[in-house]
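Participant: following is a predicted model, sequence given first.
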Amino acid sequence: MLIDLIKGHGSGNDFLVIDEIANAYSFSESERAEIARLLCNRSSDLGADGILFIMKSDHAEGRMRVFNADGSEASMCGNGLRLVARYVCEMLGFQEAIIETMKADLKVSKQEDIFVNVTTYQVEISPVSFHLADLPLNLNEDNLLNEKIPELSDELTFSALAVPNPHLISIVETEQLKSDIQKQISEKVNNPNELLPDGVNVSFVKSLEKGSIYVNTFERGVGFTNACGTAMSASSLVTCLQGLNEVEEIINVYNNGGKVQCVVHESEENYSIDLIGNATYLYKAEVDIDLGSEKFVVSSKEDFTEQSTYEKLQAEAQAYLRGAGL
Ligand SMILES: N[C@H](CCC[C@H](N)C(=O)O)C(=O)O
């Protein structure tokens, strides 16, 4: 089957974007997972953290379905939603839109460049739940905020929330970031286990200064990525709950792929987060896939010219992190 796609990234978290609105593709559920596993494979001619299927919605400007590199479908993807927002807004000539996702219809909008000539979008991260059943995380508690999970660590404390995909977040110090404790915990809870039977995205967060954090995430269904949008948003919220940052204020969130900004909103104990950051295109390609043989050929490929500008943002973010000892 011939598929046209765009490869892009949000803060270095890279995706293959497939437009099912303009193209008459009709993928079965199993084909969506197989396509994700095949095209996201980093040893192939493509490689990515996941696939974003852009589909018609019967009530919004577009619909996003996100599949991790292992073929598992997630309910939400913050960095990916910025790419979908850009694609749909540019297709319609709109500055803002509503995108249907698995659990919610989310507001997206074009924003002023977060860095010179870096195309920037804002996406709504919502709904937010602290109920452990919504991850699910099997503990005899209704929620977990800055508490220990002895089964995972005798030193770290964790917060658990669904935005709505599941996140386990620990605010740590530099030495814990540089150890392999995050890898050990992440692999434990993303292999068959009773604590988190559906797996979870695991983030280590370091508070750098007021309004500035660093987030490193091991993503469910992928592994360590340059950045995870929902994780950075959830982490920003946790730092507000722990008094390190303020709601309604911009939080600069640094990561291995660059930097985004988050603004946490609270109304009557309900939270949502605005995630603002780049939506950068790398190339467009046509691929000829034979799912039967699990093979594909890239029949054409054409680069965009945006990445060199994005790399200036990334260099500035990395200089800041070096100054912070990371
Ligand atoms: N791995 C995530 C989905 C992708 C989320 C991430 N790429 C983002 O930007 O939010 C999960 O299984 O919940």
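Facilitator: It's in.

Participant: hmm, who's touching the helix ranked longest in the chain?
Facilitator: As assigned by DSSP state H, the longest helix anywhere in the chain is helix 307-323. With contacts defined as CB atoms under 8 Å, 6 or more residues apart in numbering, helix 307-323 is touched by 12, 114-118, 214, 254-255, 257-259, 278, 280, 282. Just so you know, the C-beta spots here come from the backbone N, C-alpha and C atoms, and that holds for glycine as well.

Participant: now do stretch 154-163
Facilitator: 76, 125-132, 134-135, 137, 143-149, 152, 166-172, 176, 181, 185, 200, 230, 233-234, 237-238, 241, 273.

Participant: gap between the two ends of that stretch?
Facilitator: Stretch 154-163 has an end-to-end distance of 26 Å (CA to CA, to the nearest Å).

Participant: so that stretch, near the ligand or not?
Facilitator: No - judged by CB under 6 Å from any ligand atom, stretch 154-163 and the ligand are separated, with a smallest distance of 8.2 Å.

Participant: what's the average pLDDT for that stretch?
Facilitator: On average, the pLDDT along stretch 154-163 is 98.

Participant: list the buried ones in that stretch?
Facilitator: Using 16 or more other CB atoms under 10 Å as the test for burial, stretch 154-163 gives 156-163.

Participant: likewise for stretch 178-191?
Facilitator: Across stretch 178-191, burial judged by 16+ other CB under 10 Å covers 181-182, 185-186, 189-190.

Participant: show me those that map onto helices.
Facilitator: Counting by DSSP H, the part of those found in helices is 181-182, 185-186, 189.

Participant: and these, which is closest to the ligand?
Facilitator: Lowest distance from the ligand to these (CB to the nearest ligand atom) belongs to Ser186, with 11.4 Å.

Participant: ok, now which ones touch that closest one?
Facilitator: Contacts for Ser186 (CB under 8 Å, 6+ apart) come out as 202, 218.

Participant: do Asp198 as well
Facilitator: By CB under 8 Å, 6+ apart, the contact list for Asp198 reads 135-136, 166, 220.

Participant: before we move on, back to that, how about the buried residues of stretch 178-191 in TSV, adding distance to the ligand?
Facilitator: Output for the buried residues of stretch 178-191, formatted as TSV (distance: CB to the nearest ligand atom, whole Å):
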residue	distance to the ligand
Ile181	20
Gln182	15
Ile185	16
Ser186	11
Val189	12
Asn190	9
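
Participant: of the contacts of Asp198, list those near the ligand.
Facilitator: Arg220.

Participant: closest one of the contacts of Asp198 to the ligand?
Facilitator: Within the contacts of Asp198, proximity to the ligand (CB to the nearest ligand atom) peaks at Arg220, which comes in at 3.8 Å.

Participant: residues in contact with the closest one?
Facilitator: When contacts are counted by CB under 8 Å, 6+ apart, Arg220 touches 68, 72, 74, 165-166, 190, 198-201.

Participant: pLDDT below threshold where in the protein?
Facilitator: By pLDDT under 70, the chain contains no weakly predicted segment.

Participant: quick one on the thing from earlier: restricted to helices, list the contacts of stretch 154-163.
Facilitator: Those of the contacts of stretch 154-163 lying in helices (DSSP H): 176, 181, 185, 230, 233-234, 237-238, 241.

Participant: just the ones of the contacts of helix 307-323 in strands?
Facilitator: Secondary structure from DSSP state E places 214, 254-255, 258-259, 278, 280, 282 of the contacts of helix 307-323 in strands.

Participant: for Ala285, give its distance to Leu16.
Facilitator: 9 Å (CB to CB, to the nearest Å).

Participant: same question, Gln307
Facilitator: Distance, Gln307 to Leu16, using CB to CB: 16 Å.

Participant: having no further points to raise, I will conclude here.
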